[in-house]
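# Mind looking at a prediction? Sequence and model below.
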Amino acid sequence: MSTFTLTGADGATLFAITYDSARYLKAYQSNVTFTPDEDLSDGDLFVAVKRALDELTGIARLIPTEPIP
C-alpha cells in the first residue's frame with residue numbers, strides 16, 4: 001500500500017489517499033508493450049486523484065484572498 005499526500009505551504013495535510021501500489025507495479029513489470037485494454041489512466045488511483053484535485057480546486061476558489069475583518 002502507498003499513500004499520496006497533498007500538503008499545504010505550512011506542511012499541514014490537505015488531502016491523503018491510500019492505494020494498492022502493488023497492482024500498478026505488477027502491471028508495469030508484466031506489460032512490455034502498450035495494449036489499450038490495459039491503459040492505467042483509467043485505474044482507480046488516477047480517477048481518484050483527478051476527482052480530488054477537482055474538489056480541492058473548488059474549495060480553493062471559496063477561500064477568501066483578503067483577510068476577513
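Now that the structure is in, tell me what you want to look at.
# Can you show me the helices along this protein?
21-30, 44-62 (DSSP state H).
# got JSON lines for those, with mean neighbour count, mean pLDDT and distance to Thr13 too?
Bear in mind the C-beta positions are built from the backbone N, C-alpha and C, glycine included. JSON lines is the format used below for the helices of the chain (neighbours: other Cβ atoms under 10 Å; pLDDT from 0 to 100; distance: least, Cβ to Cβ, whole Å):
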{"stretch": "helix 21-30", "mean neighbour count": "11", "mean pLDDT": "82", "distance to Thr13": "19"}
{"stretch": "helix 44-62", "mean neighbour count": "11", "mean pLDDT": "82", "distance to Thr13": "12"}
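# From Ser30, how far off is the residue most central in space within the chain?
For the chain, the residue nearest the mean C-alpha position is Val49 (2.5 Å; Cα atoms, centre = their mean). Separation of Val49 from Ser30 (Cβ to Cβ, to the nearest Å): 23 Å.
# In stretch 10-18, which of the residues would be classed as buried?
When neighbours are counted by 16 or more other Cβ atoms under 10 Å, no buried residue of stretch 10-18 is found.
# who's in contact with that stretch?
1-8, 45, 48-49, 52, 56 (Cβ atoms under 8 Å, 6 or more residues apart in numbering).
# rerun that using 10 Å as the cut-off
1-8, 44-45, 48-49, 51-53, 55-56, 59-60 (Cβ atoms under 10 Å, 6 or more residues apart in numbering).
# Quick check: mean pLDDT of that stretch?
In this model, stretch 10-18 has a mean pLDDT of 89.
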